[in-house]
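sequence below, structure please.
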Amino acid sequence: MKFRTIALLMLLTGFVSVACGSQKTAVRQDSVPQQADGAFTPETYFKKVVDNSCHEKCLTAKVKCEIQMDGNSISTSGTLRMKKDDVIQISLLDPIVGAFELGRMEFTQDKLLVIDRYNKKYINVPYAEVDFLKKCDIDFNSLQNLFWNDIFVPAKSKPEASDFTFTDGNGGEPKNEGTVCLQYVDEHLTYAFSTLQPEGRLTRTMINGNRDKDSKFAFDYADFQNFEGRLFPNDMIMSFVMGNKSASLSFLLSSLKNKSGWETRTKIPTKYKQEDAERIFKSLIGK
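Numbering: from 1, shown residues only. So this is what the prediction gives:
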């Protein structure tokens, strides 16, 4: 496949191929002692973070994006369409022709679809049939929360305060100012959600593995603007490093709308050739 298609696929591997990370000393929520009035309390702060969630069902936006991979880069425009608990669509236009759709990524509850219109190829496969996605418990819920600027616990519909440890920016006990990190650790990965006092705004999601120290994944959020009465990040940067491979995809959003009525499922042209997803993903992550 050409660089432009590989760049799209590389970003998919970034969600799950992280295999390392460090774990700071933290105080788990249920072990935090009773605190005086006005002191930091995990339950109260957790509610602040959750209350920042966008309540709308749909979001559509124009996007300007830049893909960088191992020293190469490409800038283009496109669209982002999301419907909660149903689908995420990212459509990227050819940077030269403009109106021509170069590729599309579509995440639904049970499948991921990647269409390469340049080479007339596609991947359409259940998450469970891609080995490293299955091993790391990546599902639609995790991907959805990343794009909607929400905290999450893998394979759990609604996180609770007791799922996380709470630290300040230096790994100590948090106070009512500065950064608060909410951390969740499972068998494979460590999830760290950086939030900013006083409103509890989520500014970064970091996912690290628990063994390999050469890999990490981050989703950064900035330029929060009003969207239907709530603040939503208009600037998103997805990036990852896996050994000697690195890639990032930045989105600059504009014209955000709470719009429904668009096609939530992409039709695959009959003349397109289906690629073997497992083979492609293994080659991209060097296995």
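
where does the stretch 51-200 of the chain have low pLDDT?
For the stretch 51-200 of the chain, residues meeting the criterion pLDDT under 70 lie at 97-98, 131-138.

just the helices in it please.
Taking DSSP state H, counting those that start in this stretch as the criterion, the stretch 51-200 of the chain contains helices spanning 131-135, 140-147.

for the nearest residue to M69 once chain neighbours are set aside, list each beta-bridge partner.
The spatially closest residue to M69, leaving aside those adjacent along the chain, is A247, at 4.2 Å (Cβ to Cβ, 6 or more residues apart in numbering). Heads up, the C-betas are built off the backbone N, CA and C, glycines and all. Beta-bridge partners recorded for A247 (DSSP bridges): M69, F240.

what about A247, neighbour count?
Taking other Cβ atoms under 10 Å as the criterion, the count of residues near A247 is 23.

and it, what pLDDT?
Taken from the predicted model, the pLDDT recorded for A247 is 82.

that one contacts Q68, correct?
Yes. With the criterion set as Cβ atoms under 8 Å, A247 and Q68 qualify as a contacting pair; they are 6.5 Å apart.

identify the residues contacting stretch 40-54?
Contacts to stretch 40-54, defined as Cβ atoms under 8 Å, 6 or more residues apart in numbering, come from residues 29, 32, 35, 148-151, 159-161, 164, 166, 173-176, 180, 182, 193, 195, 198-202, 227-228, 230-232.

hang on, I meant stretch 71-80
Residues external to stretch 71-80 that are found in contact with it (Cβ under 8 Å, 6+ apart): 3-4, 7, 59-67, 88-95, 98, 101-102, 147, 251, 253.

same check on stretch 140-155?
Identification of contacts with stretch 140-155 by Cβ under 8 Å, 6+ apart yields 15, 49-50, 52-54, 59, 80, 82, 84-85, 88, 107-110, 127, 137-139, 156-157, 159, 163-164, 182, 184, 186, 189, 191, 193, 202, 205, 219, 221, 232-233, 236, 238.

just the CA coordinates of that stretch, formatted as PDB?
Output for stretch 140-155, consisting of C-alpha atoms alone and laid out as PDB, is shown next (Å, rounded to 0.1, in the frame of the first residue of the first chain):
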ATOM      1  CA  PHE A 140     -15.700   0.400  20.300                       C
ATOM      2  CA  ASN A 141     -16.300   1.800  23.800                       C
ATOM      3  CA  SER A 142     -12.600   2.600  24.200                       C
ATOM      4  CA  LEU A 143     -12.300   4.300  20.800                       C
ATOM      5  CA  GLN A 144     -15.500   6.200  21.300                       C
ATOM      6  CA  ASN A 145     -14.400   7.700  24.600                       C
ATOM      7  CA  LEU A 146     -11.100   8.800  23.100                       C
ATOM      8  CA  PHE A 147     -12.800  10.800  20.400                       C
ATOM      9  CA  TRP A 148     -15.600  12.200  22.700                       C
ATOM     10  CA  ASN A 149     -13.000  13.400  25.200                       C
ATOM     11  CA  ASP A 150     -14.200  11.100  28.000                       C
ATOM     12  CA  ILE A 151     -12.400   9.000  30.600                       C
ATOM     13  CA  PHE A 152     -13.100   5.300  30.500                       C
ATOM     14  CA  VAL A 153     -12.400   1.900  31.900                       C
ATOM     15  CA  PRO A 154     -12.000  -0.800  29.200                       C
ATOM     16  CA  ALA A 155     -15.000  -3.200  28.800                       C
END
